[in-house]
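Asks: structure for this input, please:
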Amino acid sequence: MSISLINTAPPARRIASVPAGTEARGFVLYVGINEAKAAAGGTNLGRIVDSLKRLATQIAPGAETHAAVALAPQGVGGSDVEVVRLALHDPSAVAKHRHDTDSQSHDTDGVVIDISRKRVLRDGVVTALTYKEFELLQYLVLREGRTVDRAELITSLWAVGDDEIPNERTIDVHVRRLRSKLDRYEGIVRTVRGIGYRFDRHADVSIRHPDTPSPGRF
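Replies: I've put the predicted structure just below:
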């Protein structure tokens, strides 16, 4: 009696065509999940990464793996996987984000503080800030609601060897110039008498955080 064996394994999934002169050397799998969702499932990001890496080497012992966790500002919108794609520089995600950002720039009234591109738009028009003026504004924005004293601003924004020798008067001069360029929105940089300065967000102020923060690595 002869027995014929039928291969019931599913056919290998065909990858997209590879241009001539190139070869596929690996792939990227984006996984969108934050620590809270992982914890709700009884695990954490580290365990998920370790499991996926072990699975890859079990399927193909010669596989090399590298994983990076995508970091983003707390409260940033969008789905987890889209945030991951942006943070890890997925070309199509970055292109879409830039297109959406440029489209919004022409329709936005108020102030847009675009940390990702190091620029400020006032009523849709780019405001010409100096490097140090933007760094000062950014420093306050990233510490929204906290009063920052002048000594901290000097220590954080000026390095030893800079051409300009800063003092508390230097900070006041930069703030005055920054406010003049913000025009009717100057109130977002508030003076706290005897202490320093604070960024107060108004209803007509929006912040665009970096879309590609440095990822942590596993």
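Asks: so is Thr191 in a helix, a strand, or just coil?
Replies: strand (DSSP: H, G, I helix; E, B strand; the rest coil).
Asks: and it, how far from Ile59?
Replies: Relative to Ile59, Thr191 is positioned 62 Å away (CB to CB, to the nearest Å). Every C-beta, even on glycine, is put in place using the N, C-alpha and C of the backbone.
Asks: compare neighbour counts for the two and give me the winner.
Replies: Taking other CB atoms under 10 Å, Thr191 and Ile59 do not tie; Thr191 has more neighbours (13 against 8).
Asks: what pairs with that one across the strands?
Replies: Tyr197 (DSSP bridges).
Asks: isn't it up against Phe199?
Replies: No. The pair Thr191 and Phe199 fails to qualify as a contact (CB atoms under 8 Å) at a distance of 11.6 Å.
Asks: quick one, phi psi at the closest residue to Ala128 other than its chain neighbours?
Replies: Counting by CB to CB, 6 or more residues apart in numbering, Lys181 is the residue found nearest to Ala128 once chain neighbours are left out, at 7.1 Å. Here the main-chain torsion angles of Lys181 (degrees, to the nearest 10) amount to phi -80, psi -30.
Asks: what's around Lys181, how many residues?
Replies: Applying other CB under 10 Å, we find 16 residues neighbouring Lys181.
Asks: check Thr130 too.
Replies: By the other CB under 10 Å criterion, the neighbourhood of Thr130 contains 12 residues.
Asks: can you tell me how far it is from Leu137?
Replies: Thr130 sits 11 Å away from Leu137 when distances are taken as CB to CB.
Asks: can you pull out the helices in this structure?
Replies: Remark: helices of the chain, listed N- to C-terminal, are 35-40, 45-59, 80-87, 91-105, 131-141, 150-157, 168-182; assignment by DSSP state H.
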